[in-house]
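# Kindly generate the corresponding structure for this input.
(2 chains)
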Amino acid sequence: GAVVSQHPSWVICKSGTSVKIECRSLDFQATTMFWYRQFPKQSLMLMATSNEGSKATYEQGVEKDKFLINHASLTLSTLTVTSAHPEDSSFYICSASSPGATNEKLFFGSGTQLSVL
Amino acid sequence: SQQGEEDPQALSIQEGENATMNCSYKTSINNLQWYRQNSGRGLVHLILIRSNEREKHSGRLRVTLDTSKKSSSLLITASRAADTASYFCATDRNGNKLVFGAGTILRVKS
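Numbering: from 1, shown residues only, chains lettered A, B, ... in the order given. Down below sits the predicted model:
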């Protein structure tokens, strides 16, 4: 089956630094990728939808200047948490769909645990 | 915003017993999916049921959907310790966007 690779699996950073998380579709072209955030013992909350070659669409309440999303190619989307603070500590998960696919064909990365000290 | 609500929030059973989790949602859907998440890991797709389907089976999993009540249930039969995980329902919204329920934490004791 299709594979979505997410890197890194975990990252610890100091407050005020920026962290980049990568999401790659390994064997298919992903025109659309989704970024989710999950706090401990809570559900996944959609942060933004990134479309290859265009600006990301952010969900209400998500700061686009803080969570920079780049989807420059059909196989790679990146999420950069800028000037990270302890409250940004969370589990971030991406998912990807192939061209023309419905949400029945979404593939998820393994997630990135971000801890901001 | 969250669309799905799940109950129970947590469920602890003995190995071999059946586990039932419920999910309710608020708006019309095209399909409803169930996912499993082991602690600190990504999501594993379990099963999808379309809005015109009422029941679906996959191995030890049985999913029902009642669109009149806007609810779904996931039944895991003959549970195993390896089934210990969080389980989420997800409904579609505006194309490919998935909205996840709050999740049920299942613990299967051996």
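# Burial check on the residue in chain B that chain A sits nearest to, number of neighbours?
Residue nearest to chain A within chain B (CB to the nearest CB): residue B:42, separated by 3.9 Å. (Each C-beta comes from the backbone N, C-alpha and C, glycine too.) If you count neighbours by other CB atoms under 10 Å in any protein chain shown, residue B:42 ends up with 20.
# Pull the contacting residues for it.
When contacts are counted by CB atoms under 8 Å, 6 or more residues apart in numbering or on different chains, residue B:42 touches A:6, A:93, A:108-111.
# so how far is residue B:61 from it?
19 Å (CB to CB, to the nearest Å).
# Could I get the buried residue list for the host helix or strand of residue B:65?
In the assignment (DSSP states H and E), residue B:65 maps to strand B:61-66. Of the residues in strand B:61-66, B:61-65 count as buried by neighbour count, 16 or more other CB atoms under 10 Å in any protein chain shown.
# tell me the mean pLDDT over it?
Strand B:61-66 shows a mean pLDDT of 98.
# Show me how far it is from its chain's centre.
Its chain's C-alpha centre and that of strand B:61-66 lie 9 Å apart, by CA atoms, centre = their mean, to the nearest Å.
# How about the residues of chain B by chain A?
Counting by CB under 8 Å from any CB of the partner chain, chain B comes close to chain A at B:2, B:30-31, B:33, B:35, B:40-45, B:48, B:88, B:92, B:95-103, B:105.
# now, which of those residues lie within helices?
The helices, defined by DSSP state H, take in nothing from the residues of chain B next to chain A.
# Just the buried ones from these?
Neighbour counting by 16+ other CB under 10 Å classes B:2, B:31, B:33, B:35, B:41-43, B:45, B:48, B:88, B:92, B:96-103, B:105 among the residues of chain B next to chain A as buried.
# Lowest average confidence across helices and strands of chain A, where is it?
The least trusted helix or strand in chain A, going by mean pLDDT, DSSP states H and E, turns out to be strand A:106-108, with a mean of 84.
# So which elements touch that strand?
Here strand A:106-108 touches strand A:90-97, strand B:43-50, going by 3 or more CB pairs under 8 Å, 6 or more residues apart in numbering or on different chains; DSSP states H and E.
# Tell me the strands beside the helix or strand just after it, with direction?
Next helix or strand after strand A:106-108 toward the C-terminus (DSSP H and E): strand A:112-116. Looking at strand A:112-116 with DSSP bridges, its partner strands are strand A:10-13 (parallel), strand A:90-97 (antiparallel).
# distance between strand A:112-116 and the chain's centre?
Averaging C-alpha positions (CA atoms, centre = their mean) puts strand A:112-116 12 Å from its chain's average.
# what is the mean pLDDT for it?
97.
# Restricting to C-alpha, output it in CSV.
Listed in CSV are the C-alpha atoms of strand A:112-116, where the atom choice follows Å, rounded to 0.1, in the frame of the first residue of the first chain:
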residue,chain,number,x,y,z
THR,A,112,6.1,13.8,15.0
GLN,A,113,6.2,14.4,18.8
LEU,A,114,7.4,18.0,19.4
SER,A,115,8.6,19.0,22.8
VAL,A,116,9.4,22.6,23.4
